[in-house]
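Participant: Just need the structure, nothing else, for what follows:
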Amino acid sequence: MSNRGSIKLTVFFEDQFWIGIFERTLEVGYSVARNVFGSEPSEPELHAFLLHNTGQLKFTAPDNAARSIFKKKNPKRMKREAIREMCKQKTITKAHAAIKKEHGENKILKKYNLSERKREEVLEKFIMKQLKKKEKLRGH
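Facilitator: Below you'll find the predicted structure:
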């Protein structure tokens, strides 16, 4: 399997920072990474970032569902769908949806790890209490 694909970079201003969304499309699927630049990056800075730091970006897991196979549609139908889409207030992009999905999965994983840790602590306290009781019964 070859890793042929494309990477698309979108830089935009959100709140007080410049954010870059890296969209990677491979044969395996579609994945996204997000990077906060801080101040507005110039074109040479973006080029240098792409050359040196692309390997350090943490992309989401490839999403096969995001890949779509385009079928040829009737031009009038395509025009009606385009008008319908333009009328809708579409606030979330495919990249944002992928980032939100990854964030949700990480949240569930963290919650599970926290509950496991708490369960282990309760068990540890219980065992310590039992040992303390046994030592009191010995009378020493």
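Participant: To what extent is Gln56 buried, counted in neighbours?
Facilitator: Using other CB atoms under 10 Å, Gln56 has 9 other residues around it. Placement of C-beta: from N, CA and C, glycine included.
Participant: same question, the one 3 residues further on
Facilitator: Neighbour count of Phe59, defined by other CB under 10 Å: 18.
Participant: Can you tell me how far it is from Arg34?
Facilitator: Separation of Phe59 from Arg34 (CB to CB, to the nearest Å) stands at 10 Å.
Participant: Low-confidence ranges, this structure, go.
Facilitator: Applying pLDDT under 70 to the chain picks out residues 1-3, 64-71, 89-92, 140.
Participant: hey, where'd the strands end up in it?
Facilitator: For the chain, applying DSSP state E gives strands covering 5-14, 17-26, 30-38.
Participant: Report the distance from the shortest one to the chain centre.
Facilitator: This points to strand 30-38. Relative to the chain's own centre, strand 30-38 is displaced by 9 Å; criterion: CA atoms, centre = their mean, to the nearest Å.
Participant: list the buried ones in it?
Facilitator: Neighbour-count burial for strand 30-38, counted by 16 or more other CB atoms under 10 Å, picks out Tyr30, Ser31, Val32, Ala33, Arg34, Asn35.
Participant: so what's the third one closest to, chain neighbours aside?
Facilitator: Read it as Val32. Nearest residue to Val32, sequence neighbours excluded (CB to CB, 6 or more residues apart in numbering): Ala98, at 4.2 Å.
Participant: Quick one: neighbours of that neighbour, just the number.
Facilitator: 23.
Participant: List the contacts of it.
Facilitator: Tyr30, Ser31, Val32, Thr60, Asp63, Ala66 (CB atoms under 8 Å, 6 or more residues apart in numbering).
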